[in-house]
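1. Below: sequence and its predicted model.
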Number of protein chains: 2
Amino acid sequence: MPKESSPLRNRILAALPAADYERLLPHLELIELPLGHSLYESGAKQPYVYFPIEGIVSLLYITQTGNSAELAVVGSEGMIGIALFMGGETAPNRAVVQSKCRAYRLPAQILKTQFSEGGALQLVLLKFTQALITQISQTAVCNLHHSVDQQLCRWLLLSLDRLPENRLQMTQELIANMLGVRRQGVTESARKLEQDQLITYSRGLITVLDRPGLEKRSCECYAAVKTETDRLLPQPSAP
Amino acid sequence: MPKESSPLRNRILAALPAADYERLLPHLELIELPLGHSLYESGAKQPYVYFPIEGIVSLLYITQTGNSAELAVVGSEGMIGIALFMGGETAPNRAVVQSKCRAYRLPAQILKTQFSEGGALQLVLLKFTQALITQISQTAVCNLHHSVDQQLCRWLLLSLDRLPENRLQMTQELIANMLGVRRQGVTESARKLEQDQLITYSRGLITVLDRPGLEKRSCECYAAVKTETDRLLPQPSAP
DNA sequence: CGTCTTCAGTGCGATAGCGAACAGAGCGCT
DNA sequence: AGCGCTCTGTTCGCTATCGCACTGAAGACG
């Protein structure tokens, strides 16, 4: 495992050949992202892209009536700001920090230049984008066909995969915002999970006790996303 | 307007500079796609990509329990088979022809080669992909927050934009599959639209009478998708 | 002309999720 | 200790959607 705050903790950066990596390195700047911080707003141009090495960032869509919906979560396996190299410059959603997060940021212009060179960076960024499409697609399916119970399990698992411990700091109210459901719906589902000894929680701190149990209880969506993400972006630990 | 079966009827091909276009031309082959035909299956490698010049193709996800959900629709503004140049080769969904469709197909290998050259083709394909991401995202939001009534309006409008006339051949049962709801739900919503003189229909043939009325009745999702698609892929008719 | 198949319309009980309102519990602050 | 804020638990009535079952109407076909 690369050392604690190395850029190599980000799976995209870690996947680059040395030459490409070193071309980016001088422009990478480590920053801390506080909880709730917004990395970009709907429709706004972004001066930087971000490569997280720790923590979670949510991609959110806010409707005209103020309802919210999470489209995907991104952690150290990805990047925030794909609209830049996709050619649109902007995208109609927000990126919000969901748990204390450290990331390397890179000036937009550098990324665009390097991307247009083709090569390994382009390849891995496109693969990540495809993984993101898969995740958004699965969110669409899950919103349509699965119960709040199942969605909560999926959401906990996706978050857990991006955190170092089995605890996450997140109130039920915030989870409800992410899932786009009522707070009470989350409370009810969480109660059931606690009764069945899968999790415990109190005042914004959720501890997962039985991860396999959660997986069993989740819908197929979690596994589908995980499988496809791992296929497209293999863990660097592979031999 | 280019002539009736010219590849230039496809917005992506039309956006290419002459040189890029002519490089593809010898490999393009016009084919007719019958209703219900599947262009690719979940997880399967695709020997061709398709550039429709007429008709509609749906991207569908089928759950383990057999429920379906439409993620996006593609017409002459786009391409079927983005997973090829995104680096994943395959994607976990199906592409199904939803209305009589003509398209130019291109061997996968040619596309990959041309894409990796960079240039205008790469640019426009990536922009189209971003538009597709927007559409999938909006589908996720719509599934979550909007009523069947609203979703039906959105769906009719998206289809209408891709057809030459104000009629579409499509049973309520099939629409229900696309929206991932019950057939009766669609029947009920359609009844209301007919009562209010927005559409008429009979045995699988829907005629739209009042398009502005539909737009008023639809949720914000239709406009959001259309705006973003037009921003990313401008109509070639623009001066 | 009668028979079949496909589409659309309807009714009914069950249920998941919604919105609003309120009660209690844990924690920080003074 | 006492106050106030945030977070969680619970209730209640309401509505949209579900699943199921059946009817009727339009066209296809022999």
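-> Sure thing, it's come through.

2. so where's chain A uncertain?
-> A:1, A:236-239 (pLDDT under 70).

3. can you do 80?
-> A:1-3, A:235-239 (pLDDT under 80).

4. got the contact list for the spatially most central residue of it?
-> Centroid-nearest residue in chain A: residue A:74, 1.6 Å away (criterion: Cα atoms, centre = their mean). By Cβ atoms under 8 Å, 6 or more residues apart in numbering or on different chains, residue A:74 lies in contact with A:52, A:56, A:57, A:58, A:59, A:80, A:95, A:132. The C-beta positions use only the backbone N, C-alpha and C, and glycine is treated the same way.

5. try 10 Å this time
-> Contacts of residue A:74 were listed using Cβ atoms under 10 Å, 6 or more residues apart in numbering or on different chains, and they are A:39, A:50-52, A:55-59, A:80-82, A:95, A:98, A:101, A:103, A:128, A:131-132, A:135, A:162.

6. Over to residue A:60?
-> By Cβ under 10 Å, 6+ apart, the neighbours of residue A:60 are A:38, A:42, A:68-72, A:93-96, A:98, A:177-178, A:180, B:141.

7. Buried ones from those, can you make that a ChimeraX selection?
-> Selecting only the buried entries of the contacts of residue A:60 in ChimeraX, with 16 or more other Cβ atoms under 10 Å in any protein chain shown as the criterion:
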select /A:68,69,70,71,72,93,94,95,96,98,177,178,180 /B:141
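
8. Let me know the closest of the contacts of residue A:60 to DNA strand C.
-> The shortest approach to DNA strand C among the contacts of residue A:60 belongs to residue A:180, at 6.7 Å (Cβ to the nearest atom of the strand).

9. From DNA strand D, how far out is that closest one?
-> 14 Å (Cβ to the nearest atom of the strand, to the nearest Å).

10. so that residue sits right up against residue A:69, yeah?
-> Yes. Using Cβ atoms under 10 Å, residue A:180 is in contact with residue A:69, at 4.2 Å.

11. who touches both of these two?
-> Counting by Cβ under 10 Å, 6+ apart, the shared contacts of residue A:180 and residue A:69 are A:60, A:61, A:63, A:139, A:143, B:140, B:141, B:143, B:144, B:145.

12. coming back round to it: which ones among the contacts of residue A:60 lie within strands?
-> A:38, A:68, A:69, A:70, A:71, A:72, A:94, A:95, A:96, A:98 (DSSP state E).

13. Scan chain A for its longest helix.
-> helix A:119-145 (DSSP state H).

14. when you scan it, is anything in it near DNA strand C?
-> No. Judged by Cβ under 7 Å from any atom of the strand, helix A:119-145 and DNA strand C are separated, with a smallest distance of 9.6 Å.

15. what about that helix, distance to the chain center?
-> Centroid displacement of helix A:119-145 relative to its chain, using Cα atoms, centre = their mean, to the nearest Å, is 11 Å.

16. Quick check, residue A:168 in contact with residue A:175.
-> Yes. Here residue A:168 reaches residue A:175: they are 9.4 Å apart, a contact under Cβ under 10 Å.

17. list residues touching both of the two?
-> Counting by Cβ under 10 Å, 6+ apart, the residues touching both residue A:168 and residue A:175 are A:98, A:156, A:159, A:206.

18. where do the strands sit along chain A?
-> A:29-33, A:38-40, A:48-62, A:68-74, A:94-107, A:167-169, A:199-202, A:205-208.

19. and residue A:13, how many residues sit next to it?
-> Other residues lying near residue A:13 total 25 when counted by other Cβ atoms under 10 Å in any protein chain shown.

20. meant to ask about residue A:184, not that
-> 11.

21. do the same with the one 3 residues further on
-> By the criterion of other Cβ under 10 Å, residue A:187 has 13 neighbours.

22. With the one 10 residues further on instead?
-> Other residues near residue A:197 number 10, with proximity taken as other Cβ under 10 Å.

23. Quick one: residues contacting residue A:208.
-> By Cβ under 10 Å, 6+ apart, residue A:208 lies in contact with A:156-157, A:159-160, A:163, A:165-168, A:193, A:198-201, A:214.

24. Quick check: residue A:97 touching residue A:58?
-> Yes. The pair residue A:97 and residue A:58 passes the contact test of Cβ under 10 Å, sitting 8.0 Å apart.

25. related to what we said a few turns ago, may I ask which of the contacts of residue A:208 has the most neighbours?
-> Most neighbours among those, by other Cβ under 10 Å: residue A:156, with 25 neighbours.

26. quick one: the residue of chain A positioned farthest from its centre from residue A:156, how far?
-> The C-alpha centroid of chain A is most remote from residue A:195, which lies 28.4 Å away (Cα atoms, centre = their mean). Distance, residue A:195 to residue A:156, using Cβ to Cβ, to the nearest Å: 16 Å.

27. For chain A, what lies in contact range of DNA strand C?
-> A:147, A:148, A:149, A:180, A:181, A:182, A:184, A:185, A:202, A:203.

28. which residues does the closest residue to residue A:48 other than its chain neighbours contact?
-> Closest residue in space to residue A:48, ignoring its immediate chain neighbours: residue A:105 at 4.2 Å, by Cβ to Cβ, 6 or more residues apart in numbering or on different chains. Residue A:105 makes contact with A:27-31, A:33, A:39, A:46-52, A:80-81, according to Cβ under 10 Å, 6+ apart.

29. run the last query once more with 7 Å
-> Residues near residue A:105 by Cβ atoms under 7 Å, 6 or more residues apart in numbering or on different chains: A:29, A:31, A:48, A:49, A:50.

30. Any of those residues buried? List them.
-> The neighbour-count criterion (16+ other Cβ under 10 Å) marks A:48, A:49, A:50 among the contacts of residue A:105 as buried.

31. could I get those residues as a markdown table with distance to residue A:110?
-> What follows is those, written out as a markdown table (distance: Cβ to Cβ, whole Å):
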| residue | distance to residue A:110 |
| --- | --- |
| A:48 | 9 |
| A:49 | 9 |
| A:50 | 13 |
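
32. my guess is residue A:145 contacts residue B:68, does it?
-> No. Residue A:145 is beyond contact range of residue B:68, at 9.1 Å (criterion: Cβ atoms under 7 Å).

33. circling back to that earlier point, which one (most neighbours) among the shared contacts of residue A:180 and residue A:69?
-> residue A:139 (31 neighbours).

34. residue contacts, the closest residue to that one other than its chain neighbours?
-> Using Cβ to Cβ, 6+ apart and skipping the chain neighbours, the partner closest in space to residue A:139 is residue B:140 (4.8 Å). Residue B:140 makes contact with A:69, A:71, A:136, A:139, A:140, A:143, according to Cβ under 7 Å, 6+ apart.

35. swap the cut-off to 6 Å and go again
-> The contact partners of residue B:140, taken as Cβ atoms under 6 Å, 6 or more residues apart in numbering or on different chains, are A:71, A:139, A:140, A:143.

36. Now do the contacts for the closest residue in space to residue A:40 that isn't next to it in sequence.
-> Counting by Cβ to Cβ, 6+ apart, residue A:40 lies nearest to residue A:46, which is 4.8 Å off, once chain neighbours are set aside. Contacts for residue A:46 (Cβ under 6 Å, 6+ apart) come out as A:40, A:81, A:108.
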